[in-house]
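Undergrad: below is the sequence, then the predicted model.
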Amino acid sequence: MRGVLLLLCLLALGRLVATAFAYGIPAWFDEELNPLFNLLTRGQPISQIDARQYGVVVFLVLDPAVRLYGSDLSALAMYAAAVSLVASLVGFALIAWRYARDDLGRLLLLGVAWFSAVPLLYVVAQHMVDAWQLCFIAASLFLLTGSTRQQRLAGLPLAAATMTKLLPGFLLFYLCLRKWRSGALGIAGIIVLLAIGQVLYGPLIGFGYPFAVLGGGGDTIARWSTHFENNSIRGMVFKLAAGFRLQGNTTTYVLDPGWYPWLSALSYALLVALVGYLLWVVWRSRADGSSERISLEFGLASVTMLLISPHTAQDYLVTVLPVLGVWLYLWSKHWPRAWTLGQVLLTLAAAVLIGVFVPMNVVARVIPFNALVTLTHNGQNALFADQIGNAIGAYDFFGLPGLGLLLAWLALMRLERKAR
């Protein structure tokens with residue numbers, strides 16, 4: 001059995017490496033890299049940024065490559081691919097060391113799942129910074145479940161993650177509640193990074209960055225709530241309300257505008273409930289500092305983060321890959337007690353819906369996407385074709401990743417209740 005797992009792990013790793021360098025220049029270069037490129041190659045100050053602009057960590061990592069390669073986007077793409085691949089491997093190494101180093105079978109199973117996860121393959125193919133966030137989040141969990149000295153440093157990787165894309169700031173919020181000294185150090189790290197951005201790139205990548213991004217948050221929420229790939233709670237509410245029907249060849253749902261305030265209110269109510277539950281869990285278990293308890297809470301916070309996000313797309317899902325390691329570890333250790341068949345099946349369903357683990361064209365042979373697209377009157381919409389497979393757009397659109405996140409939250413909630 002271990003020989004089979006080893007072969008599958010090596011094949012999955014080989015596919016991941018090949019995928020990293022098979023794709024060309026990613027679209028996000030034009031969307032997110034222009035401010036840095038114009039500053040360094042044309043001397044044009046950064047005077048405006050988009051509400052989805054990446055933070056100073058992205059600038060710091062890509063700055064040397066832009067200075068070295070200039071307008072050679074192909075070379076920049078290779079550099080970004082290497083960084084994304086290394087980040088995903090470092091993230092795996094940290095989670096594997098913490099949760100699977102004592103059992104070769106568990107290590108190989110985690111490797112197969114990690115390296116074959118479709119969200120990670122997508123992120124690495126597109127050279128996306130979400131792979132960096134995976135690395136930072138894995139590092140934070142690794143430190144948080146380590147020695148007392150390591151725990152004090154757990155906020156620093158989250159500072160780097162937050163200054164890559166703001167969403168992991170929610171995990172830093174959790175950390176401030178759980179271990180305030182570690183959280184305070186993370187906040188200090190953010191201040192230092194913003195100061196570096198202020199000096200090197202100007203106020204919009206420095207101390208003005210959070211305000212510029214959050215200032216456009218209302219427009220961003222309105223624009224992305226009804227995007228076909230959104231699998232956050234907000235996105236799922238709008239999908240269901242529209243009956244999964246889009247207007248013509250657009251990403252906008254067929255919805256009465258009068259429904260929007262009510263759907264937004266429902267979304268915010270669900271958001272408050274999810275955050276409130278996490279706060280209650282942290283407060284109730286504040287005296288339990290075991291690595292199992294911390295791992296469970298961190299996993300719950302990670303899943304909650306994606307559920308409450310204004311927009312959760314395929315690439316965001318890589319940030320919950322560390323939860324796979326947590327699940328395998330808790331299952332193998334029978335924590336908090338031996339898992340029931342129901343718990344195993346629930347967790348497995350969540351993992352499969354989030355990670356997929358097989359090529360999307362295989363998924364398309366199992367799930368009747370064409371029939372579903374036709375049934376929802378979206379047969380002429382070209383949005384269900386994507387760069388790495390025709391199934392991926394439909395998979396996101398019909399909310400299967402969102403369902404996976406909901407099942408993951410439920411699985412973690414059930415474990416937390418049994419651990420009381």
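TA: Perfect, thanks for sending it.
Undergrad: quick one, what contacts Arg234?
TA: Contact analysis of Arg234 by CB atoms under 8 Å, 6 or more residues apart in numbering lists 221, 225, 264, 267, 271, 310-311. C-betas here are computed from N, CA, C, even on glycine.
Undergrad: if I look at it, how far off is Leu410?
TA: Counting by CB to CB, to the nearest Å, the gap from Arg234 to Leu410 is 19 Å.
Undergrad: could you do Ser140 as well?
TA: Ser140 sits at a distance of 24 Å from Leu410 (criterion: CB to CB).
Undergrad: so which elements touch the helix or strand containing Glu297?
TA: When elements are assigned from DSSP states H and E, Glu297 belongs to helix 291-308. If you count contacts as 3 or more CB pairs under 8 Å, 6 or more residues apart in numbering; DSSP states H and E, helix 291-308 packs onto helix 130-144, helix 169-178, helix 260-284, helix 321-332, helix 400-418.
Undergrad: quick check: mean pLDDT across that helix?
TA: Confidence for helix 291-308, expressed as mean pLDDT, is 97.
Undergrad: picking that back up, looking at Ser140 and Leu410, which one has more neighbours?
TA: With neighbours defined as other CB atoms under 10 Å, Ser140 and Leu410 compare such that Ser140 has more, 28 against 15.
Undergrad: tell me the confidence at that one?
TA: On the pLDDT scale, Ser140 is placed at 98.
Undergrad: not counting residues beside it along the chain, what's closest to it?
TA: With CB to CB, 6 or more residues apart in numbering as the measure, Pro157 is the residue that lies nearest to Ser140, at 4.2 Å, once sequence neighbours are left out.
Undergrad: who's in contact with the helix or strand harbouring that neighbour?
TA: According to DSSP H and E, Pro157 maps onto helix 155-162. Contact partners of helix 155-162, identified using CB under 8 Å, 6+ apart, comprise 55, 57, 132-133, 135-137, 139-140, 143, 168-169, 171-172, 175, 182-190, 192-193.
Undergrad: now find how far off-centre that helix is within its chain.
TA: Taking CA atoms, centre = their mean, to the nearest Å, one finds the center of helix 155-162 at 14 Å from the center of the full chain.
Undergrad: where is the longest helix in the chain?
TA: helix 73-99 (DSSP state H).
Undergrad: following that helix, which helix or strand shows up next?
TA: As assigned by DSSP H and E, the chain's next helix or strand after helix 73-99 is helix 104-116.
Undergrad: what's the model's confidence in that following helix, averaged?
TA: When pLDDT is averaged along helix 104-116, the result is 97.
Undergrad: mind exporting that helix as CSV, just the C-alpha atoms?
TA: Taking only C-alpha atoms (Å, rounded to 0.1, in the frame of the first residue of the first chain), the coordinates of helix 104-116 have been written out as CSV:
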residue,chain,number,x,y,z
LEU,A,104,5.1,7.4,6.5
GLY,A,105,1.7,6.3,5.3
ARG,A,106,0.1,9.5,6.5
LEU,A,107,2.9,11.6,5.0
LEU,A,108,2.5,10.0,1.6
LEU,A,109,-1.3,10.3,1.7
LEU,A,110,-1.0,14.0,2.6
GLY,A,111,1.5,14.4,-0.3
VAL,A,112,-0.9,12.8,-2.8
ALA,A,113,-3.7,15.1,-1.7
TRP,A,114,-1.6,18.3,-1.5
PHE,A,115,0.2,17.9,-4.8
SER,A,116,-2.9,16.8,-6.7
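Undergrad: name the residues of it that come out as buried.
TA: Neighbour-count burial for helix 104-116, with 16 or more other CB atoms under 10 Å as criterion, is recorded at 106-116.
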